[in-house]
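Asks: Any chance you could fold what I've pasted below:
(one chain, ligands or ions: 2)
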Amino acid sequence: MKKRDSYRKYSFFTDIRGIKNAIGEMRGWGYPNQPKLNTNYKRSPDDPVLNEDWFINTIKEKIANHPGNNMEFPFHGEKIFAEPLIGFIRGNDPVFQEYKSIIGPHHFSPEEIMKWQAENNNVPAPKAEDLSVVSFIMPIARTTKDDNATMKEWPSERWAQTRLLGEIFSQTFVREIVTELMDRGILAISPDVTPMFNKKRYPEVGWASPWSHRHMAYAAGLGSFGMNDFFITEKGCAHRMGSFVVNLKLEPNRKRPDDIHAYCLQYQGEKCLQCAKRCPVDAITAEKAHDKEACYQRVAKSLLYCNKNYHIFIYGCGLCATGVPCESEIPKQLQKNAV
Ligand code: SF4
Ligand code: SF4
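Replies: Numbering: from 1, shown residues only. Ligands and ions are numbered 1, 2, ... in the order given. Modelled structure (predicted):
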């Protein structure tokens, strides 16, 4: 084992990245300071046009070539994610007000979170109509999905690595994009890496955060929800996702399905529940769909398993997202519904 892999011993104490990531994910603590807005920026003729194509190409390029999109020991040389899907939502889309009642009043609108960023930089807060959300889906590598599909109780090692390294990679490259935009005088923010982000247990919705990447992806027309609450896209539900807000007017490039379960077989009246069969704690049932609390309890316990067996500080599961008909595509029977 190389010296740089030695963090993998006694990971409850030594996997500082994993411990920091968990604290950040739960409490919004420990992230690098937000980049500062360059208010003196003067545009030059060589500057790129920051339009929809720029965001699509930039995110694709990051996932294709960024050194952060790589697995570590013992999977050196393997990519974490395959080619992404990218979509846009205008900041004044009425869906954000709907989310205030569907998810809860604690969920930020793009305008609210951008106001915080504007105040940090002593500039006026932009109006909702001048903002957009960029949402992206990063499909998990084939080998990792295949590995996890063979697991019956706990996540595979590749899946566990993907949960940790994939999250760190996603945060890293989004920070690079946000920093580039702020350097060019454009307000931008990734809400999930600010001190404003903290997960809590809410009476109506259970564990939830003030910024839901999944709901951003739905609003951007990137897919719909399944029985397991995973998000089914044209590249399936075995993925990680992200989103960030920019002070630019970007045109939505995808149509949102009206039915929030448009791509789930069971919800569409086709017998499936393959995800329920994969769940080791029966947290998915035909009657109640996804029991978030039972799922949460199981996923929390996986921290011990991943530490003991893979020597990284991460929790995860994803058994119900692998080895199922919606793992890597919209189930064939429903592809005609794709909008
Ligand atoms: S496995 Fe079947 S029931 Fe479960 S989310 Fe996928 S399509 Fe829906
Ligand atoms: S993530 Fe794991 S525990 Fe949660 S519903 Fe899916 S299979 Fe069950």
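Asks: tell me the contacts of the closest residue to residue 107 other than its chain neighbours?
Replies: The shortest distance from residue 107 to any non-neighbouring residue, by CB to CB, 6 or more residues apart in numbering, is to residue 99 (5.1 Å). Just so you know, the C-beta spots here come from the backbone N, C-alpha and C atoms, and that holds for glycine as well. The contact partners of residue 99, by CB atoms under 8 Å, 6 or more residues apart in numbering, come to 107, 109, 212, 215, 219.
Asks: Just among these, which is most surrounded?
Replies: Comparing the contacts of residue 99 by number of neighbours (other CB atoms under 10 Å), residue 219 comes first, having 23 neighbours.
Asks: any idea of the pLDDT on that one?
Replies: Note for residue 219: predicted pLDDT of 98.
Asks: Return the distance of it relative to residue 19.
Replies: Separation of residue 219 from residue 19 (CB to CB, to the nearest Å) stands at 32 Å.
Asks: Next: residue 291.
Replies: Residue 291 is 28 Å from residue 19, by CB to CB.
Asks: I'd like to know which of the contacts of residue 99 is nearest to ligand 2.
Replies: Ranked by distance to ligand 2 (CB to the nearest ligand atom), those are led by residue 212 at 16.6 Å.
Asks: That closest one reaches residue 103, doesn't it?
Replies: Yes - the pair residue 212 / residue 103 is scored as a contact, 6.2 Å apart, by CB atoms under 8 Å.
Asks: Pick out the residue of the stretch 101-250 of the chain closest to ligand 2.
Replies: Closest point on the stretch 101-250 of the chain to ligand 2, by CB to the nearest ligand atom, is residue 228, at 5.2 Å.
Asks: so which helix or strand takes in that residue?
Replies: Following DSSP states H and E, one finds residue 228 outside all helices and strands.
Asks: Let me see the confidence value for it.
Replies: For residue 228, pLDDT reads 95.
Asks: Count the residues that sit near it.
Replies: Residue 228: 27 surrounding residues under other CB under 10 Å.
Asks: quick one, what contacts it?
Replies: By CB under 8 Å, 6+ apart, the contact set of residue 228 is 237, 275, 279, 284, 290, 320, 321.
Asks: Would you format these as a markdown table with pLDDT and neighbour count included?
Replies: Below are those laid out as a markdown table (pLDDT from 0 to 100; neighbours: other CB atoms under 10 Å):
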| residue | pLDDT | neighbour count |
| --- | --- | --- |
| 237 | 98 | 31 |
| 275 | 98 | 29 |
| 279 | 98 | 20 |
| 284 | 98 | 24 |
| 290 | 95 | 21 |
| 320 | 98 | 27 |
| 321 | 98 | 27 |
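Asks: of those, list those near ligand 1.
Replies: Contacts with ligand 1 within these, counted by CB under 6 Å from any ligand atom: residue 275.
Asks: just checking, which of the contacts of residue 228 belong to helices?
Replies: In helices, defined here by DSSP state H, the members of these are residue 275.
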